[in-house]
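**Student:** 3D, please:
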Amino acid sequence: MDAGLEEAVQMSSSSTLPMKKGRPRIHKIREKLGLPGRPKATGIFETRAEFEAACLDKHNQGWSLRRIGARFGSCYLTVKRAILDAENNLK
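**Tutor:** Predicted structure coming up:
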């Protein structure tokens, strides 16, 4: 008798199917989210090359990565990658 009572508690009142746990999904889950690769530009710049040049310029003036990122509206890791890419392109 207890088993029948437990089944009744777990069933939905509007159907005979068991209720799903959690929030119902509205959209399908995609395997790959977003676009692959780096963004074409970040912050106030139209191209990645402009961003890299500006980051390298500020870095050569003695600015920290964090300060450059705050000024240009990006993460310090993005600034670090941009500086490394700009230095590699100059070689």
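**Student:** flag every buried residue along the longest helix seen in the chain.
**Tutor:** What stands out as the longest helix in the chain, according to DSSP state H, is helix 76-90. If you call a residue buried by 16 or more other Cβ atoms under 10 Å, then helix 76-90 has these buried ones: 78-79, 82-83, 85-86. In this view, the C-beta of every residue, glycine as well, is placed from N, C-alpha and C.
**Student:** in the chain, which spans are helices?
**Tutor:** Under DSSP H, the chain gives helices at 2-10, 48-60, 65-72, 76-90.
**Student:** could you dump the third one to CSV, C-alpha only?
**Tutor:** These are the backbone C-alpha positions of helix 65-72, laid out as CSV (Å, rounded to 0.1, in the frame of the first residue of the first chain):
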residue,chain,number,x,y,z
LEU,A,65,47.9,44.1,-18.3
ARG,A,66,45.1,44.7,-15.9
ARG,A,67,45.1,48.4,-16.5
ILE,A,68,45.2,48.0,-20.3
GLY,A,69,42.3,45.6,-20.1
ALA,A,70,40.2,48.0,-18.0
ARG,A,71,40.9,50.8,-20.4
PHE,A,72,40.1,48.9,-23.5
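**Student:** give the rounded mean pLDDT of it.
**Tutor:** For helix 65-72, the mean pLDDT works out to 95.
**Student:** phi, psi of Gln61?
**Tutor:** phi -80, psi -10 (degrees, to the nearest 10).
**Student:** just the pLDDT for it.
**Tutor:** pLDDT, Gln61: 97.
**Student:** and it, how far is that from Ala70?
**Tutor:** Counting by Cβ to Cβ, to the nearest Å, the gap from Gln61 to Ala70 is 15 Å.
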